[in-house]
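Student: how does the following fold in three dimensions:
(4 chains)
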Amino acid sequence: MNEPTIKILYFAWVQEQIGTDEEALTPPADIETIAGLVDWLKTQSDGHRNALSDVSRLRFAIDAEFADPHSPIAGAGEIAIFPPVTGGMR
Amino acid sequence: MNEPTIKILYFAWVQEQIGTDEEALTPPADIETIAGLVDWLKTQSDGHRNALSDVSRLRFAIDAEFADPHSPIAGAGEIAIFPPVTGGMR
Amino acid sequence: MISVRIADAAFDPYQALALFQRGHTESGAVASFIGLVRNQNDDKPVATLSLSHYPAMTEKKLLGFAETANNRWQIDRVLVIHRVGDMAPGDPIVLVACASAHRADAFAATEYLMDKLKTEAPFWKAEIAPDGARRWVDAREVDNERATRWDSVDK
Amino acid sequence: MISVRIADAAFDPYQALALFQRGHTESGAVASFIGLVRNQNDDKPVATLSLSHYPAMTEKKLLGFAETANNRWQIDRVLVIHRVGDMAPGDPIVLVACASAHRADAFAATEYLMDKLKTEAPFWKAEIAPDGARRWVDAREVDNERATRWDSVDK
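Tutor: Residues are numbered from 1 along each chain as shown, chains lettered A, B, ... in the order given. Just a heads-up that it's a prediction; the model follows:
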């Protein structure tokens, strides 16, 4: 069976701690949600583990739409992981 | 007894209908309020009578502060009569 | 810093806004409102807008509004410029700008000032149609209602 | 008309505002907000503000916010310009402008857009101190609370 490859994007301090802005990965077929994906990503390197340790500090997008830890990842082409946004102005 | 002279200012259509922007008048001593002053002014000319006929359409200021028909005019140096204001932007 | 100006000739609100903020790096939030003469009002075409005022009272009122805004909200600088005289469609009538460290204060103070300019500053508008007919603009009840939301600020 | 732009180099918000309104005499009310880099934040000096974003998502979100504003309020034109990249104190970060025939709509739409840019657009700020120390700016709970007042608009 061929699991699909997903493009994973990282931004801000998540990107700094993981050490890359983007990687193409093939998660195991039994991973169904963002939360599951994050748990699996934490096994990839120390950087991943540090950056992704506290899921409450993370936000997510699937194919450029906001998602949450329970969102299913089936069919996703691009998943982004990042801190809460801080644009605009105080 | 010397009644004081008061400068009366008119603005917008009040000014147009009366035909002057300013006049110095000496109202009788028994006139105590803006309302009394307006009634007396109406006797000055047809233009005054027309412009001042409906007091609900008029607004007033005494010495450059908003006033109302009941405001006493004792001590006033300058009384302005004008329509509701329409500055700023819709 | 409060700056209030009655302009009896055309002014450039964009340039005024640029100057207002130039060199001020302590307040990052600038809310502003620019009002321009419309080419029609209530479906009637407007060729000229003629704005008269009560000079001795106008500047005093505008300064009072700006001081109240300055006391009520955390704002660093306030700018009010209001035109008088004859204007053509597209000409700026009014600019209000408030600079603050916080955008909520900048927005609230700017809206407050616009409501006050509309309902409590001694300006009167007359519209002149393309055929030369002159019409005094009537005050609208909705503006007075809108302005009552600041009653607690003015107390 | 909706215009949304991500600027990767310095832009002049005053000139952009002038161009935005030029030739439009049908909408007399222009509310706007200009955000500029402050020279300090939480009492810490800031030498450089570095703004990163998620390009594929940013423009889409900004267009979505502008369309929602356009549907919810009576506005004729919307302009959003947001900087990304490295900026110095005083540099413009964001310009939002809404033109309408009615000032209340122009103000509300501008505030809505600023709240959305703050809480739902994929931008991240890092501040670099004069000594070179880099610090990611934290999101603030008050901004999320403020943004909830638009929940009925977004439905």
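Student: where does the residue in chain C sticking out farthest from the centre land on pLDDT?
Tutor: Distance from the C-alpha centroid of chain C peaks at C:D131, with 28.6 Å (Cα atoms, centre = their mean). The score at C:D131 is 94. That number is its pLDDT.
Student: ditto for the one 5 residues further on
Tutor: Per-residue pLDDT puts C:W136 at 94.
Student: returning to that earlier point: gap between the residue farthest from the centre of chain C and C:K44?
Tutor: Distance, C:D131 to C:K44, by Cβ to Cβ, to the nearest Å: 11 Å. Every residue, glycine included, has its C-beta placed from N, CA and C.
Student: skipping adjacent residues, who's closest to C:D138 in space?
Tutor: In this structure, C:D138 finds its nearest non-sequential neighbour in B:T86, 7.2 Å apart by Cβ to Cβ, 6 or more residues apart in numbering or on different chains.
Student: and that neighbour, helix, strand or coil?
Tutor: coil (DSSP: H, G, I helix; E, B strand; the rest coil).
Student: so it makes contact with C:V137?
Tutor: Yes. Counting by Cβ atoms under 8 Å, B:T86 does reach C:V137; the two are 4.6 Å apart.
Student: any common contacting residues for those two?
Tutor: Common contacts of B:T86 and C:V137 (Cβ atoms under 8 Å, 6 or more residues apart in numbering or on different chains): C:124-125.
Student: coming back round to it: how far away is the residue farthest from the centre of chain C from chain B?
Tutor: From C:D131 across to chain B, the span is 19 Å (Cβ to the nearest Cβ, to the nearest Å).
Student: ditto for A:T33
Tutor: Distance of A:T33 to chain B, given as Cβ to the nearest Cβ: 51 Å.
Student: can you name the residues of chain A that neighbour chain D?
Tutor: Within chain A, the positions lying close to chain D (Cβ under 8 Å from any Cβ of the partner chain) are A:9, A:11-13, A:61, A:64-66, A:78, A:80, A:82-90.
Student: quick one, what contacts C:F11?
Tutor: By Cβ under 8 Å, 6+ apart, C:F11 lies in contact with C:81, C:83, C:92, C:95.
Student: now the chain, which segments are flagged as low pLDDT?
Tutor: Unless you meant another one, I'm taking chain A. Scanning chain A for pLDDT under 70 picks out the ranges A:1-2.
Student: actually it's chain C I care about, not the one you picked
Tutor: Across chain C, the ranges flagged by pLDDT under 70 are C:155.
Student: secondary structure class for the residue nearest the centre of it?
Tutor: Residue closest to the average C-alpha location in chain C (Cα atoms, centre = their mean): C:V94, at 4.2 Å. Classification of C:V94 by three-state DSSP places it in strand.
Student: neighbours around the nearest residue to it once chain neighbours are set aside, how many?
Tutor: Of all residues not flanking C:V94 in the chain, C:G35 sits nearest, at 4.2 Å (Cβ to Cβ, 6+ apart). Per other Cβ atoms under 10 Å in any protein chain shown, the neighbour tally for C:G35 reads 26.
Student: stretch C:58-68 vs chain B: in contact?
Tutor: Yes. For stretch C:58-68, a contact with chain B is found by Cβ under 8 Å from any Cβ, at C:K60.
Student: any part of the helix or strand that contains C:N71 near chain D?
Tutor: Using DSSP states H and E, C:N71 sits in helix C:55-72. No. With Cβ under 8 Å from any Cβ as the criterion, chain D is not reached by helix C:55-72; the gap is at least 14.8 Å.
Student: now do that helix: which elements does it pack against?
Tutor: The helices and strands touching helix C:55-72, judged by 3 or more Cβ pairs under 8 Å, 6 or more residues apart in numbering or on different chains; DSSP states H and E, are strand C:2-7, strand C:77-83, helix C:103-120, helix C:151-154.
Student: nearest to chain A, out of these?
Tutor: helix C:103-120 (5.2 Å; Cβ to the nearest Cβ).
Student: does anything pack onto that closest one? Which helices or strands?
Tutor: Using 3+ Cβ pairs under 8 Å, 6+ apart, the elements in contact with helix C:103-120 are strand C:29-36, helix C:55-72, strand C:77-83, strand C:92-100, helix C:141-147, strand D:29-36, helix D:103-120.
Student: tell me how many other residues surround the residue of chain A found nearest chain D.
Tutor: Residue of chain A nearest chain D, by Cβ to the nearest Cβ: A:G87 (2.8 Å). By other Cβ under 10 Å, 28 other residues sit near A:G87.
Student: can you give me every residue that contacts the closest residue to C:L63 other than its chain neighbours?
Tutor: Closest residue to C:L63 apart from its sequence neighbours, by Cβ to Cβ, 6+ apart: C:V4 at 5.3 Å. C:V4 sits next to C:59, C:62-63, C:66, C:79-81 when contact means Cβ under 8 Å, 6+ apart.
Student: ok, A:L25 next?
Tutor: By Cβ under 8 Å, 6+ apart, the residues touching A:L25 are A:5-6, A:8, A:41, A:44.
Student: any idea how far it lies from chain C?
Tutor: 40 Å.
Student: identify the bridge partners of that residue.
Tutor: A:I6 (DSSP bridges).
Student: again with C:A7
Tutor: Bridge pairing for C:A7 - DSSP bridges - gives C:R83.
Student: so who does it touch?
Tutor: Contacts of C:A7 by Cβ under 8 Å, 6+ apart are C:81-84.
Student: and for C:A88?
Tutor: C:37, C:47-49.
Student: what about 10 Å?
Tutor: C:10, C:37, C:39, C:46-49, D:25 (Cβ atoms under 10 Å, 6 or more residues apart in numbering or on different chains).
Student: likewise C:F20?
Tutor: Neighbouring residues of C:F20 by Cβ under 10 Å, 6+ apart: C:1, C:3, C:13, C:30, C:32, C:77-79, C:81, C:95, C:97-99, D:14, D:34.
Student: repeat that with 6 Å
Tutor: By Cβ atoms under 6 Å, 6 or more residues apart in numbering or on different chains, C:F20 lies in contact with C:79, C:97.
Student: tell me which element it is part of?
Tutor: Taking DSSP H and E as the criterion, C:F20 maps to helix C:13-21.
Student: now that helix - C-alpha only, CSV.
Tutor: Output in CSV follows, covering the C-alpha atoms of helix C:13-21 (Å, rounded to 0.1, in the frame of the first residue of the first chain):
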residue,chain,number,x,y,z
PRO,C,13,-5.2,65.4,4.1
TYR,C,14,-2.8,62.8,3.0
GLN,C,15,0.2,65.1,3.4
ALA,C,16,-1.2,66.4,6.7
LEU,C,17,-1.5,62.8,7.9
ALA,C,18,2.1,62.1,6.8
LEU,C,19,3.4,65.1,8.7
PHE,C,20,1.3,64.3,11.7
GLN,C,21,3.1,61.0,12.1
